[in-house]
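Asks: Give me a model of this one.
(4 chains)
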There are 4 protein chains.
Amino acid sequence: MRLQSGASFGGDTLAICAGPCSVESAEQIEATAKAVSAAGANVLRGGAFKPRTSPYAFQGLGVRGLELLRTSADRYGLGVVTEVLDPRDVAIVARYADMLQIGARNMQNFSLLREAGESGKPVLLKRGLAATVDEWLMAAEYLLVAGNDNVVLCERGVRSFDPATRNLLDLSVVPLLAELTHLPVIVDPSHGTGVARLVEPMALAAVAAGADGLLVEVHPDPASAVSDGAQSLTPDAFTAMTRALAAVASAVGRRLPAASLAA
Amino acid sequence: MRLQSGASFGGDTLAICAGPCSVESAEQIEATAKAVSAAGANVLRGGAFKPRTSPYAFQGLGVRGLELLRTSADRYGLGVVTEVLDPRDVAIVARYADMLQIGARNMQNFSLLREAGESGKPVLLKRGLAATVDEWLMAAEYLLVAGNDNVVLCERGVRSFDPATRNLLDLSVVPLLAELTHLPVIVDPSHGTGVARLVEPMALAAVAAGADGLLVEVHPDPASAVSDGAQSLTPDAFTAMTRALAAVASAVGRRLPAASLAA
Amino acid sequence: MRLQSGASFGGDTLAICAGPCSVESAEQIEATAKAVSAAGANVLRGGAFKPRTSPYAFQGLGVRGLELLRTSADRYGLGVVTEVLDPRDVAIVARYADMLQIGARNMQNFSLLREAGESGKPVLLKRGLAATVDEWLMAAEYLLVAGNDNVVLCERGVRSFDPATRNLLDLSVVPLLAELTHLPVIVDPSHGTGVARLVEPMALAAVAAGADGLLVEVHPDPASAVSDGAQSLTPDAFTAMTRALAAVASAVGRRLPAASLAA
Amino acid sequence: MRLQSGASFGGDTLAICAGPCSVESAEQIEATAKAVSAAGANVLRGGAFKPRTSPYAFQGLGVRGLELLRTSADRYGLGVVTEVLDPRDVAIVARYADMLQIGARNMQNFSLLREAGESGKPVLLKRGLAATVDEWLMAAEYLLVAGNDNVVLCERGVRSFDPATRNLLDLSVVPLLAELTHLPVIVDPSHGTGVARLVEPMALAAVAAGADGLLVEVHPDPASAVSDGAQSLTPDAFTAMTRALAAVASAVGRRLPAASLAA
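Replies: Sure, this is the predicted structure:
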């Protein structure tokens, strides 16, 4: 599956999606896009419509955030993946994004799935917080039945009894899904662990297990991030990660996108 | 909190909501309404818009289902609680129902919560499949912040490692929530166990733990139900349950709605 | 099943086992035995050999603890249930106790189960922290196959993702086990919740669900307890609990042991 | 940490422990030892005392199994790791094994831990089925406090709600433990997934995440294995796995034991 920007999911080349949890400002997203592009990412991620546990937390910049994402992504030749929360927002998000993200909390938001399916846009479907693989594939079926087969699955960790990590990243679904579906599978080690220092080793593990790509949170200044700072990599840490990743990718017959090979 | 039909949540009298998983036909909903009313229920439940794991499963009768619910409920003096899945359907569901149900899969569907909050209608907010009590209360906050304080929480079981039951009914949240919030709490032993024979004992346990009411699946012919037959009570089993319940309710200073006291 | 002291498990009369987490001193166990006996308990619980997560935590008084338990229990006509951790200690624990407790961490400690089974003593088998009902029954089978059918199962909560309670008390196993086995089932709401204020409502719920008895932590001064103070009832709170319990028990056709009926 | 046989845990060279779930016969263990040695394993695993959920399942060959393990391991220059279930068996198992395995079900069997700690033998401590990282480290402390610091931790998957795999392999503990303890950490992808086809990708992922070694079930004829056949690799599949592993190990600065480098 290939985005308009050229990034592909499911081939020999990995898809590396990186960017902040939330789009906060033009400066922040521009700095991030520049850095992740230089380090070899080919898709820019960032939240404009944010699903926040509390109604009193920052809810995202909305359409202004979409504009900022698009502008910075275009400048660096990146694709854009961003979350859509409301079926009524699918059209506007699809206007700016190359790929619609359905978040974990909405994996079984069936009216959102139908609307995203009918948009024809590529969709990144994250696994629900306690979704079985069967339920996840059935949620994907809501997209496929609408005639949209540009679907990528994203493992992002499930609920666990151990507070040592934010979620429990379930990498076994990577080879398991390869037996059950033709859909590409990427991994989000940022939400999957909630701890920045664990992101690189789990990114390497994901690729070793056969993942078709990664979704990683990167922020120019994690300590001042409005959301998810604790799990965000600095641009330097992200660059180090892609270097380590190149070797593991090669060991399993994969490669990073062109820019990062150059890096 | 009191519905227009007179049913109240949170006082000495329990709210007993009963009915089929899905509204299937005029005959089915009429027979159920008659039976549960006679047995002492004061609210009719039934799904017109159904959240189904598979897009190929029965999706509900939609507006026709709402009409059937309203007609049968009015005939027997019952309130109506029914699920709404899509923010664009809140207005139409609110036209027919006394209480909007937000299902477990949508507990963190924030645009649906906002729309339901703004409708001003009483809302039944089910706990998510793996939601912590804190997350559940924050989801309720999305309703409250819209100025709608007619919110009732419904425990319906959480995900577990043991396939012996469909979910793991967490009755400890009943007394726990009583310490944390003024919102009434009811319990759904049907989804909470997934096994019809376990519904009565868990209903009794819920009331003993302090629940303000119950949400119970009742079907005139569970074996032929289009959904959730395995956890649905027959009208006779439901009648037996309310009789057993009356004694336990009395032991903890509560009582069943008037009709069932007469029964 | 009946202990030598007269307490029975599985009949119309509930078994009420109460006492401190750990036996700490003669004064402490004597005061507790007196109080719980007066409130209607018929079995004294207390740990002499303690399974502690950390090797640096209090490990129990050992045989001296067993002596103190026996002495106080005899003074008030109570049975004694206490945990055994090591197969080599079964004989000595059996000399003092009426019932051997196998704790949650040892549910699948098969050499301990065999030894306990061969002792011929009644055994209280707690559910493992993440044991399915099938695994629990298979663990009981290790006792039964040794010719010992004086086995009582004890639900004490399972691991959960929600830190709001220490464990998640799974009351649905009470009616479920009634369908699967002839063995009596009791419930431990103290470990099941980890919060003293939740013990009474969950005790009431357990009995409403059909439990054959309770295992409750009571300490004369919970704030100074060497272990589990947060979930221990004061004697006054325990007395209040048994009073509330008497009404619920009656509502489901059960009764408390004689002493507490008199109370 | 180095076994007497020369295998080391925690250095640049990985420890590769392989063999059947249960020792079944001289022929079976001999064929397995030969094959895994040729493929580059440096430690032979196999159960002589088996912890079985059911008392009616095969319980292992006992001391005869230990003898067979030792004989075959010596012939191929392998170390021996095997489980001990009962504190009274520590001495006999220690006579034959280079490393005592404490299984998941016994992670908090504190009398077994003390006895194993006092034996002075290297100990492989598997994570409990629902143990937090903190509890696991505290269990290790029972070994360390006895003066035995030859302890290796083994992640083997935890309980999950998804029946798609037998357990949920939690690879994030590999980098997490590297921050919390000096103890080496290995991974068991066989129990961690329960599915033979998932073993190789998860073994690669474990090494990419930083694991110090692997524990893998290999059986000359998985279809006829008396236990765990579904998750056992054939010798050919194991050989293929070590080849794939060599490339990933090299990518993260590690190497396989000498024999397999030669392979």
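Asks: Name the helix or strand of chain A that has the lowest mean pLDDT.
Replies: Counting by mean pLDDT, DSSP states H and E, chain A has its least confident helix or strand at helix A:258-262, which shows a mean of 50.
Asks: List the contacts of the closest residue in space to residue A:191 that isn't next to it in sequence.
Replies: Leaving aside its sequence neighbours, residue A:191 sits nearest to residue A:156 (CB to CB, 6 or more residues apart in numbering or on different chains; 4.4 Å). From N, CA and C alone the C-beta is placed, and that goes for glycine too. Neighbour list for residue A:156: A:104, A:126-127, A:167, A:169, A:187-188, A:191-192, A:215 [criterion: CB atoms under 8 Å, 6 or more residues apart in numbering or on different chains].
Asks: go with 7 Å
Replies: Listed by CB atoms under 7 Å, 6 or more residues apart in numbering or on different chains, the contact partners of residue A:156 are A:104, A:126-127, A:167, A:188, A:191-192.
Asks: Looking at neighbours, which among those residues is most surrounded?
Replies: residue A:192 (30 neighbours; other CB atoms under 10 Å in any protein chain shown).
Asks: Shouldn't that residue be within a strand?
Replies: No - Residue A:192: not assigned to a strand; according to DSSP: H, G, I helix; E, B strand; the rest coil it is helix.
Asks: just checking, it touches residue A:203?
Replies: No - here residue A:192 lies out of contact with residue A:203, judged by CB atoms under 7 Å, at a distance of 9.5 Å.
Asks: Stretch A:98-105: end-to-end distance?
Replies: 21 Å (CA to CA, to the nearest Å).
Asks: what is the mean pLDDT for it?
Replies: Mean pLDDT, computed over stretch A:98-105, is 98.
Asks: go on, stretch A:209-222?
Replies: The average pLDDT within stretch A:209-222 is 97.
Asks: Okay, buried residues for the helix or strand encompassing residue A:118 please.
Replies: Under the criterion of DSSP states H and E, residue A:118 resides in helix A:110-119. Buried residues in helix A:110-119, counted by 16 or more other CB atoms under 10 Å in any protein chain shown: A:110-117, A:119.
Asks: Would you check which pair of the residues you listed lies furthest apart?
Replies: A:110 and A:119 (15.0 Å; CB to CB).
Asks: Enumerate the residues of chain A near chain D.
Replies: A:130, A:132-133, A:161-162, A:164-165, A:168-172, A:174-176, A:179, A:193, A:197-198, A:201-202, A:204-205, A:208-210, A:247-248, A:250-252 (CB under 7 Å from any CB of the partner chain).
Asks: between residue A:192 and residue A:203, what contacts are shared?
Replies: By CB under 7 Å, 6+ apart, no residue touches both residue A:192 and residue A:203.
Asks: hmm, back to that, indicate each strand paired with the very next helix or strand once past the helix holding residue A:118 and its parallel or antiparallel sense.
Replies: As assigned by DSSP H and E, the chain's next helix or strand after helix A:110-119 is strand A:123-126. Next to strand A:123-126 in the sheet, as set by DSSP bridges, lie strand A:99-102 (parallel), strand A:151-155 (parallel).
Asks: I'd like to know the average pLDDT value across strand A:123-126.
Replies: 98.
Asks: If I take whatever helix or strand comes next after it and helix A:110-119, what angle do their directions form?
Replies: Downstream of strand A:123-126, the next assigned helix or strand under DSSP H and E is helix A:133-144. Here the directions of helix A:133-144 and helix A:110-119 differ by 50 degrees (axes from the mean of the first three to the mean of the last three CA atoms, to 10 degrees).
Asks: just so I have it, where are all the strands in chain A?
Replies: A:15-19, A:43-45, A:79-83, A:99-102, A:123-126, A:151-155, A:185-187, A:213-217 (DSSP state E).
Asks: Distance of the residue nearest to the spatial centre of chain A relative to residue A:57?
Replies: Residue closest to the mean C-alpha point of chain A, counted by CA atoms, centre = their mean, is residue A:215 at 3.6 Å. Per CB to CB, to the nearest Å, residue A:215 is found 21 Å from residue A:57.
Asks: Could I get the contacting residues of the residue nearest to residue A:141 when sequence neighbours are not counted?
Replies: Among residues not flanking residue A:141 along the chain, residue B:55 sits closest, at 5.4 Å (CB to CB, 6+ apart). Contact analysis of residue B:55 by CB under 7 Å, 6+ apart lists A:141-142, A:145.
Asks: Now that we have these, which of them are buried?
Replies: A:141-142.
Asks: Any regions of the stretch 51-200 of chain A where pLDDT drops low?
Replies: Across the stretch 51-200 of chain A, nothing is flagged by pLDDT under 70.
Asks: if I look at the residue nearest to the centre of chain A, how far off is residue B:108?
Replies: On the measure of CB to CB, residue A:215 and residue B:108 end up 19 Å apart.
Asks: Touching, residue A:44 and residue A:33? I think so.
Replies: Yes - counting by CB under 7 Å, residue A:44 touches residue A:33, with 5.3 Å between them.
Asks: what residues are shared contacts of the two?
Replies: Common neighbours of residue A:44 and residue A:33 (CB under 7 Å, 6+ apart) are A:72-73, A:78.
Asks: Pull up the residues of the stretch 101-250 of chain A that are close to chain C.
Replies: A:159-161, A:163.
Asks: Any idea how far the longest helix along chain A is from the middle of the chain?
Replies: The single longest helix within chain A, with elements called by DSSP state H, is helix A:235-251. In this view, helix A:235-251 has its centroid 17 Å away from the chain centroid, taken as CA atoms, centre = their mean, to the nearest Å.
Asks: mind listing what's buried in that helix?
Replies: Applying 16+ other CB under 10 Å to helix A:235-251 flags A:235, A:237-239, A:241-242, A:244-251 as buried.
Asks: Make a markdown table out of those residues and add pLDDT.
Replies: Listed next are these as a markdown table, based on pLDDT from 0 to 100:
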| residue | pLDDT |
| --- | --- |
| A:235 | 97 |
| A:237 | 98 |
| A:238 | 98 |
| A:239 | 97 |
| A:241 | 98 |
| A:242 | 97 |
| A:244 | 97 |
| A:245 | 98 |
| A:246 | 97 |
| A:247 | 97 |
| A:248 | 98 |
| A:249 | 98 |
| A:250 | 98 |
| A:251 | 98 |
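Asks: ok, those residues vs residue A:85, which is closest?
Replies: residue A:238 (26.3 Å).
Asks: Quickly check: stretch A:59-74 near chain B or not.
Replies: No - using CB under 7 Å from any CB, we find that stretch A:59-74 stays clear of chain B, coming within 8.4 Å at best.
Asks: what do you get for stretch A:8-28?
Replies: No - using CB under 7 Å from any CB, stretch A:8-28 never reaches chain B; the gap is at least 14.8 Å.
Asks: Only C-alpha atoms, please: export that stretch in CSV.
Replies: Backbone C-alpha positions of stretch A:8-28 (Å, rounded to 0.1, in the frame of the first residue of the first chain) are rendered in CSV as follows:
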residue,chain,number,x,y,z
SER,A,8,4.8,2.5,1.2
PHE,A,9,3.5,0.0,3.8
GLY,A,10,4.2,-3.7,3.4
GLY,A,11,7.1,-3.9,1.0
ASP,A,12,10.8,-4.3,1.6
THR,A,13,11.1,-0.7,2.6
LEU,A,14,9.8,0.1,6.1
ALA,A,15,7.3,3.0,6.7
ILE,A,16,8.7,5.3,9.4
CYS,A,17,6.0,7.6,10.7
ALA,A,18,7.2,10.1,13.3
GLY,A,19,6.2,13.3,14.9
PRO,A,20,4.7,14.8,18.0
CYS,A,21,1.7,13.6,19.9
SER,A,22,-0.1,16.9,19.4
VAL,A,23,0.5,19.6,16.8
GLU,A,24,1.2,22.6,19.1
SER,A,25,2.5,25.4,16.9
ALA,A,26,4.0,26.1,13.5
GLU,A,27,7.5,26.2,14.9
GLN,A,28,7.1,22.9,16.8
